[in-house]
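S.K.: Any chance you could fold what I've pasted below:
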Amino acid sequence: MLRALRLHASIYCLLLFVIITACSKKPSELTPPDPKPDEEVIPGETVGYGAEVLDPAEYEKIKIITEPLIPGGRTQKDPKLAPQYDLSPNMPPVQSQGRQGSCVAWAVAYAARSYFSGLGFNSNFKLADGSVNNETVLSPAFVYNKIKAGDCLKGSYIEDALNLLKNTGVCTWKDMPYTDQECDTQPGTQQVAGAAKYKIADWGRILITTDAIKKFLYYDMPVVIAGRLNADFKKPTRFPDGQFVWKDATPNDVSHHAMIIVGYDDARKAFKIQNSWSKNWCNDGYIWMSYDIVKDVIREAYVMTSDELLLRSQASVETGAAVKYEQNVVGYTGRIMQLGDLPVIGYGMCLATTPSLPTRKYYAKAQNIPATPFEFSVTESINTSKIWYRAFVETVAGVVYGDTASIVLNSGPGETRDKDLLLFHSGFFGYAVDAGTGERLWEAPLRSGAASDQLLGGLIVNEQYIVPGNMTGSLSAVSLSTGKVNWERREMMRSKQTYPVIIDNQIITIGREELIAVDQASGNLSWTQKQAAFGGEDFVEFGLAVTKDSKLSVNVNKSFYDDEMYFVSNPSNGTGITGMGIFPTTVKGHPDFADNYMVRSEAMSGLAAYSLSPFKKLWSTPSTTTAAHDSPLIVGSRVIGVIMGNLVQGLQAVDKATGKKLWEYYPQQGEVLSKKWSASADFIAMIVRVNMGGASEYEYSLQVLDISTGKVSWTKKLSTSPYPVIPMYPLIAGDKVYVSPDNLEIAAFKLQTGAVIWQKKLFNNPGTISPFSLITKEGKIFYMPESGM
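M.R.: The predicted model follows:
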């Protein structure tokens, strides 16, 4: 990090030195030699200090992490801060830094980073015999030896330690043991490689106020501090119950020391601090610090964020409608549906003239969200024909996005659309139906079509309905407003059932032995990638999906038991291919993605979740809940997927963060059909099949579940048929669910009550129809879970 004319404050003297540095600090440019370690604090033991502190002006330049949003509480159920909160049961055991000036490394790496690692990996910091588990605590030697200012009595800067953890990470104690007898050993290649697993996502300073510190602690984020010590700290007084407390801020010492705040108690009016001077000091290595001296003794206060925070209950946000007020002036709405378990910093809207949305465009600080759902809006004038937009909410762990939607501002001749369109195809024809009335608007003949009993659903892009041919490799583009076929391709023969996906105006699908991208406007070939680029293995059916950051996910078969996943980082030209590793074989279903998170169905292991950076497995459901041929779906804080029990299929919901089962549902009669269900934030709609006796008659019904409980809200009998599987695909879109009861009619029901909105006969003879897609007049698109989008 480049630092020019940076002022550093000495820890053990009151002089200020002007430092000119770049990327490192030379010992001669720092403070004078530190005093000898203090031998009076703990009789018979020598303890070191070692926190260098920045000049206040330089400290103020560090990015501040906004204090957590507390109105509405930690969750909707907690209206205010708890009177006591203690993270110490989840902290690594107190140990001693000895005589070295390594307190910064102990507070940042050993205490704070080990704490977050323990949360993420459910680590036990102690072995069965009570000794410290050196495989789960992280090494202060790795950090101190790299950032120390000089000899082993010299201190270091918290800023430098946090930057090291962000850029390099820190290895385990086992890989680089700590000793206070020397500090010159530097991490080798093995230690540096192991450190990458424990990088942090980011860090920043926080306001040095009692209220701000309490809020971060309440959100399970310990606070690293540089404190100015004095005589009362070294020989503290006691509470009536015998606990030691630091309550006098008299500046009779100039020593600075790094520690970590791990709790608070309003009854004591004090914070709980974990030190690195062994359990023989004060309260088994801890001390209380009075609220009254916070501003006087704390010189710096920091928090770090790590990928383990993503395992906590996340905030959720939905992209709402866009309303056109006048030419090019549009209001875009979003709704924060839940706050989750992490500090909310702000919220806003991403806007762009292409589907590749920026990280953030319009942003509001989260001052107060009194209750959820919380609706917000952005009004903007942009001179273009079409706008893509999505809502977001930002927490200390990162940004959570809603779905991407679009709105047409300046339509071309004959391209005006003022209805919600329900779209599907039969293989030979594409159809558009007014989703509000059931009126058929157009029928488009598809010259490159083909019949099948398992048609693939179509995609929507730039006012076109893209129809994939089942196992023929054909693609057709139909105008949403007129039903005119704009272009068709047929030469991409393949033997795989694969939904194409759309990224950056490219339609990407699988050919026989290659990945193919087609320009959506013209149908012309954009690029191809042979199987050799993906290890030379065979592509998996239903093997394409789109991540939240618009990368392409590709699955290939390695063996009967294993798949390998690849990400294509540049789907505009098919480059940037990265292998993500070997997985248990998938079961003909797409993975689903959230921010830095993926869940997939895996044969013989059910559902499995992974973090993407760093890439690691987070959890899997027991093998007794083996998933069927299906795609899971992330809905808020839940993952929904099909399960198999006693040869009968049902549905289950598990916690997104932990994989813990929330509920499972098996119909009283029959079973849930694979790939024939969809979900919203509140409900799940599914097709249930019952064998009415023998092999000649099956009854089909539409069932809707409450997503929070897994209980049936309502049921509608649809039809009977001599066929064991017929293509009924219930699509939830907004407050409605659409389904074809018998492949002759299409019906729309109110999602909450099951009341019929409309039911229209559209065909004279039964046939096969594809899964539905729907686009609202505001540009929001709804697909079945199998779409990969």
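
S.K.: Pull up the distance across stretch 108-128, start to finish.
M.R.: 26 Å (CA to CA, to the nearest Å).

S.K.: what comes up buried for that stretch?
M.R.: 108-120, 123, 125 (16 or more other CB atoms under 10 Å). C-beta coordinates here come from the backbone N, C-alpha and C atoms, glycine included.

S.K.: contacts for it?
M.R.: If you take CB atoms under 8 Å, 6 or more residues apart in numbering as the criterion, stretch 108-128 is touched by 87, 90-93, 95, 132-133, 136-140, 142-143, 158, 161-162, 165, 170, 173, 198, 200, 220, 222, 224, 258, 260, 274, 276, 304, 306-309, 311.

S.K.: chain center to that stretch, what's the gap?
M.R.: Relative to its parent chain, stretch 108-128 has a centroid offset of 21 Å by CA atoms, centre = their mean, to the nearest Å.

S.K.: Report the mean per-residue pLDDT for that stretch.
M.R.: Stretch 108-128 carries an average pLDDT of 86.

S.K.: what's the spacing between the nearest residue to Gln186 once chain neighbours are set aside and Gly188?
M.R.: Ranked by CB to CB, 6 or more residues apart in numbering and with sequence neighbours excluded, the top spatial neighbour of Gln186 is Asn145, at 6.0 Å. To Gly188, Asn145 is 12 Å away according to CB to CB, to the nearest Å.

S.K.: of these two, who's got more company?
M.R.: Set Asn145 next to Gly188 and count neighbours by other CB atoms under 10 Å: Asn145 wins out with 22 against 11.

S.K.: so who does the more buried one touch?
M.R.: Cys183, Asp184, Thr185, Gln186, Pro187.

S.K.: Buried only: go through those for me.
M.R.: By 16+ other CB under 10 Å, the contacts of Asn145 give Cys183, Pro187 as buried.

S.K.: Generate CSV for the contacts of Asn145, with secondary structure as supplementary columns.
M.R.: Shown next, in CSV, are those (DSSP: H, G, I helix; E, B strand; the rest coil):
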residue, secondary structure
Cys183, coil
Asp184, coil
Thr185, coil
Gln186, coil
Pro187, coil
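
S.K.: where's the nearest residue to Thr353 once chain neighbours are set aside, which helix or strand?
M.R.: Spatial nearest neighbour of Thr353, chain neighbours left out: Thr384 (4.8 Å); criterion: CB to CB, 6+ apart. Following DSSP states H and E, one finds Thr384 outside all helices and strands.

S.K.: Which helix or which strand is home to the closest residue to Ser620 other than its chain neighbours?
M.R.: Excluding the flanking residues, the one nearest Ser620 by CB to CB, 6+ apart is Ala608, at 4.0 Å. Using DSSP H and E, Ala608 maps to strand 606-612.

S.K.: That strand - contacts with which helices or strands?
M.R.: Packing contacts for strand 606-612, counted by 3 or more CB pairs under 8 Å, 6 or more residues apart in numbering; DSSP states H and E, involve strand 597-602, strand 615-620, strand 638-645.

S.K.: Need the contact partners of stretch 756-771.
M.R.: Residues contacting stretch 756-771 (CB under 8 Å, 6+ apart): 424-427, 431, 433, 437-440, 451-453, 455-458, 467, 727, 729, 731, 736, 740-750, 783-784, 786-787.

S.K.: Buried among these? Make that a PyMOL selection.
M.R.: The buried residues among the contacts of stretch 756-771 can be selected in PyMOL (16+ other CB under 10 Å) with this line:
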select buried, resi 424+425+426+427+431+433+438+452+455+456+457+458+467+727+729+731+736+740+741+742+743+744+745+746+747+748+749+783+784+786+787
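
S.K.: Could you tell me which of the contacts of stretch 756-771 belong to strands?
M.R.: Among the contacts of stretch 756-771, the members found in strands (DSSP state E) are 424-425, 431, 433, 440, 467, 731, 736, 745-750.

S.K.: The strand holding Ala608 to strand 597-602, inter-axis angle?
M.R.: Per axes from the mean of the first three to the mean of the last three CA atoms, to 10 degrees, the angle that strand 606-612 makes with strand 597-602 is 150 degrees.

S.K.: Direction included, what does strand 606-612 pair up with?
M.R.: Next to strand 606-612 in the sheet, as set by DSSP bridges, lie strand 597-602 (antiparallel), strand 615-620 (antiparallel).

S.K.: What's opposite Val672 in the beta bridge?
M.R.: Beta-bridge pairing of Val672 under DSSP bridges involves Val688.

S.K.: As TSV, the helices and strands packed on strand 606-612 with mean pLDDT would be great.
M.R.: Putting the helices and strands packed on strand 606-612 into TSV (pLDDT from 0 to 100) gives the following:
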stretch	mean pLDDT
strand 597-602	84
strand 615-620	84
strand 638-645	84
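
S.K.: Pick the most deeply packed of the ones you listed.
M.R.: Burial of those is given as mean neighbour count (mean count of other CB atoms under 10 Å); strand 597-602 ranks first at a mean of 25.

S.K.: ok and it relative to strand 638-645, angle-wise?
M.R.: 10 degrees.

S.K.: could you dump strand 597-602 to CSV, C-alpha only?
M.R.: The C-alpha trace of strand 597-602 is given here as CSV (Å, rounded to 0.1, in the frame of the first residue of the first chain):
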residue,chain,number,x,y,z
TYR,A,597,-22.6,-19.4,-3.1
MET,A,598,-23.7,-22.4,-5.2
VAL,A,599,-26.0,-25.3,-4.4
ARG,A,600,-26.5,-28.4,-6.6
SER,A,601,-28.1,-31.8,-6.5
GLU,A,602,-25.5,-34.7,-6.3
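
S.K.: Tell me which helix or strand the closest residue to Lys214 other than its chain neighbours sits in.
M.R.: Nearest-residue entry for Lys214: Tyr264, 5.2 Å, with adjacent residues in sequence omitted and distances by CB to CB, 6+ apart. Counting by DSSP H and E, the element that carries Tyr264 is strand 256-265.

S.K.: number of nearby residues for the residue nearest to Ser620?
M.R.: 22.

S.K.: for Ser569, same thing?
M.R.: Ser569 is flanked by 13 other residues according to other CB under 10 Å.

S.K.: that older thread, so the residue nearest to Gln186 versus Asp420, what's the distance?
M.R.: 63 Å.

S.K.: Please apply the same query to Lys235.
M.R.: For Lys235 relative to Asp420 (CB to CB), the value is 74 Å.

S.K.: between the two, who's got more neighbours?
M.R.: The neighbour comparison of Lys235 against Asp420 (other CB under 10 Å) goes to Asp420, with 20 against 10.

S.K.: Quick check: phi and psi on the more buried one?
M.R.: phi -80, psi 130 (degrees, to the nearest 10).

S.K.: re the thing from before, quick check, the residue nearest to Ser620 in contact with Pro622.
M.R.: No: judged on CB atoms under 8 Å, Ala608 makes no contact with Pro622 at a distance of 11.3 Å.

S.K.: Can you add distance to Ile769 and give the strands paired with strand 606-612 back as a markdown table?
M.R.: Below are the strands paired with strand 606-612 laid out as a markdown table (distance: least, CB to CB, whole Å):
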| stretch | distance to Ile769 |
| --- | --- |
| strand 597-602 | 25 |
| strand 615-620 | 35 |
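
S.K.: quick one: which of those strands is nearest Thr776?
M.R.: For those, the distance to Thr776 is smallest for strand 597-602, at 27.0 Å, taking CB to CB.
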